[in-house]
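**Q** Next comes the sequence, and after it the predicted model I'd like to discuss.
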Amino acid sequence: MVSFSYGNSRGKGILVDLFNSFPAFSRRVEGLTLDRASLIKLEFGLLIPPFLPNRVEMITMGYVDLHLHTTASDGVLNPSELVRYAKAKGLQAVAITDHDTIDGCEEGLSEGERIGFEVIPGIEIKHSTGSMHILGFFLDIHHPSLNERLKYLQRARAERNPKMVEKLKRLGVDITFEEVVKASGGGQVGRPHFANVLLEKKYVRSFQEAFDRFLKKGAPAYVDKFRFTSKEALHFINEAKGVGVLAHPNTLGMNGYSELEKLVLRLVEEGLQGIEVYYPEHSAADVAKYKTLAERHGLLVTGGTDYHGMEKNGLDIGVGRGEMKLPYSIVENLKTVRNRSLSGR
Ligand code: AMP
Ligand code: ZN
Ligand code: FE
Ligand code: FE
């Protein structure tokens with residue numbers, strides 16, 4: 001479904017497959033790697049056939065997005081804005097999954113209640129080895145041990161961040177901790193905010209260059225910080241009545257199915273209940289592989305865009321690069337599994 005405006009009138013309709021219907025579209029993008037959705041957004045004003053609307057927005061009526069970041073971590077929209085945006089886009093439910101924090105959940109939940117939109121309180125926890133991320137859904141955000149565990153992570157950040165400022169200063173970068181805090185917009189302070197300051201002060205020409213030259217693991221301003229193991233993360237997610245899911249398995253860098261299966265089986269023993277099968281960086285082959293894995297081991301299938309704000313990486317809420325469509329049944333299945341585990345206690 002797409003919503004469109006034409007002059008002063010607005011409406012909704014079916015998205016026309018522009019590549020097939022209008023070969024001129026394909027010709028215009030030869031040599032470019034634009035995806036379908038952004039092509040529509042970019043090209044509509046220029047190449048629009050007169051009988052089609054002059055502005056088309058991808059709308060995902062009735063779909064869900066279960067991987068989203070807010071200003072509580074490194075997203076662009078605050079929780080209320082995110083929830084209103086999701087509703088305006090026609091989504092049916094979202095999960096707020098900020099890195100290491102549930103600070104955005106309360107606001108997101110109450111805004112959802114106010115405007116009549118389903119919000120799932122969640123989190124994304126990085127495993128101690130880095131490339132593995134664990135998502136937690138339907139958390140009891142007031143659970144004492146969850147909050148206590150998360151304080152650990154906040155303390156680890158609070159200790160690391162000033163050390164990174166010192167390293168940068170020693171590298172000749174004129175930067176203060178206050179500037180980084182300001183860049184964080186009041187939420188949790190992380191390396192992306194360091195990157196933004198470096199970019200703003202023209203020490204680098206791009207966000208990525210800031211990571212490559214200064215901030216990534218092994219780079220001269222990098223400082224390690226405490227992280228939980230998957231076992232610990234899954235334990236406190238489950239304790240807080242949440243459902244633990246392996247995020248975007250493609251970042252694990254495991255090519256073979258059996259290697260991944262072995263890891264997943266270990267995680268299942270630690271309390272894992274699902275796999276994030278749908279993700280913008282997953283190829284069709286990845287999706288098929290992860291789906292098979294989930295099916296074989298009775299695991300939930302989830303998905304989300306990892307939306308941080310369109311301006312950050314061009315991925316939009318609900319649709320990613322235009323290809324995502326995640327049915328509400330994903331949420332229903334999560335609820336079923338959660339209720340089953342809760343009543344089994
Ligand atoms: P932090 O938790 O403060 O260490 O920051 C982690 C965040 O930095 C990740 O969620 C990414 O958004 C970003 N990040 C980490 N490594 C890289 C990298 N090599 N290139 C770009 N962004 C990165
Ligand atoms: Zn992030
Ligand atoms: Fe992640
Ligand atoms: Fe994420």
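**A** In hand now; what should we look at? Ligands and ions are numbered 1, 2, ... in the order given.

**Q** Relative to ligand 2, which residue of this structure is the closest?
**A** Ranked by C-beta to the ion, the top residue of the chain for proximity to ligand 2 is Asp74, at 4.3 Å. (Glycine included, C-beta is placed from N, CA and C.)

**Q** who's in contact with that residue?
**A** Going by C-beta atoms under 8 Å, 6 or more residues apart in numbering, Asp74 touches 99, 184, 187-188, 190, 192-193, 308.

**Q** among those, which are in helices?
**A** With DSSP state H as the criterion, helices contain 192-193 from among the contacts of Asp74.

**Q** now, which of the contacts of Asp74 lie close to ligand 1?
**A** Among the contacts of Asp74, proximity to ligand 1 is found for 99, 190, 192 (C-beta under 6 Å from any ligand atom).

**Q** Neighbour count and pLDDT added to the contacts of Asp74, as TSV?
**A** Listed next are the contacts of Asp74 as TSV, based on neighbours: other C-beta atoms under 10 Å; pLDDT from 0 to 100:
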residue	neighbour count	pLDDT
His99	19	95
Ser184	21	89
Gly187	21	86
Gln188	22	89
Gly190	21	92
Pro192	20	93
His193	21	94
His308	18	95
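
**Q** quick one: which of the contacts of Asp74 is nearest to ligand 1?
**A** Distance to ligand 1, by C-beta to the nearest ligand atom, is smallest for Gly190 among the contacts of Asp74, at 2.8 Å.

**Q** and ligand 4, which of the ones next to ligand 1 among the contacts of Asp74 reach it?
**A** When these are checked against ligand 4 using C-beta under 5 Å from the ion, none falls in range.

**Q** What separation do you get for the closest residue to ligand 4 within the chain and His69?
**A** Ligand 4 sits closest to Asp306 of the chain, with a gap of 4.3 Å, by C-beta to the ion. Using C-beta to C-beta, to the nearest Å, Asp306 is found at 7 Å from His69.

**Q** more crowded one of those two?
**A** Counted by other C-beta atoms under 10 Å, Asp306 and His69 do not tie: His69 has more neighbours, with 25 against 22.

**Q** wait, that one sits on Val94?
**A** No. If you go by C-beta atoms under 8 Å, His69 and Val94 don't touch, sitting 11.2 Å apart.

**Q** circling back to that earlier point, would JSON lines of the ones next to ligand 1 among the contacts of Asp74 with distance to ligand 2 be doable?
**A** Formatted as JSON lines, those follow (distance: C-beta to the ion, whole Å):
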{"residue": "His99", "distance to ligand 2": "5"}
{"residue": "Gly190", "distance to ligand 2": "8"}
{"residue": "Pro192", "distance to ligand 2": "7"}
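
**Q** I'd like these as TSV, with distance to His235 appended.
**A** What follows is the ones next to ligand 1 among the contacts of Asp74, written out as TSV (distance: C-beta to C-beta, whole Å):
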residue	distance to His235
His99	19
Gly190	24
Pro192	28
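
**Q** Looking at those residues, which is nearest Ser206?
**A** Of all these, Ser206 sits closest to Pro192, with 12.7 Å by C-beta to C-beta.

**Q** Name the nearest residue to the closest one, sequence neighbours excluded.
**A** Asp74 (4.3 Å; C-beta to C-beta, 6 or more residues apart in numbering).

**Q** how close does that neighbour sit to Asn313?
**A** Distance, Asp74 to Asn313, using C-beta to C-beta: 11 Å.

**Q** same thing with Lys291?
**A** The gap separating Lys291 from Asn313 is 24 Å, by C-beta to C-beta.

**Q** And Met132, by the same measure?
**A** Noted for Met132: a distance of 21 Å to Asn313, by C-beta to C-beta.

**Q** of these two, who's got more company?
**A** Neighbours were counted for Met132 and for Asn313 using other C-beta under 10 Å; Met132 has more, 21 against 15.

**Q** isn't the more buried one right up against Leu252?
**A** Yes. Taking contacts as C-beta under 8 Å, Met132 lies within contact range of Leu252: 6.0 Å.

**Q** and stretch 268-285 with ligand 3, contact?
**A** No. Stretch 268-285 is not in contact with ligand 3 by C-beta under 5 Å from the ion; minimum separation 8.9 Å.

**Q** Give the buried residues for that stretch.
**A** By neighbour count with 16 or more other C-beta atoms under 10 Å, stretch 268-285 contains the buried residues 268, 270-280, 282.

**Q** Do you have the helices of the stretch 101-250 of the chain handy? List them.
**A** Taking DSSP state H, counting those that start in this stretch as the criterion, the stretch 101-250 of the chain carries its helices at 105-115, 144-170, 177-183, 191-200, 207-210, 230-239.

**Q** and Ile317, which of these is closest to it?
**A** Counting by C-beta to C-beta, Ile317 lies closest to helix 105-115 out of the helices of the stretch 101-250 of the chain; the figure is 13.0 Å.

**Q** Near ligand 2, which residues of this protein? Just list them.
**A** Residues of the chain lying near ligand 2 (C-beta under 5 Å from the ion): 69, 74.
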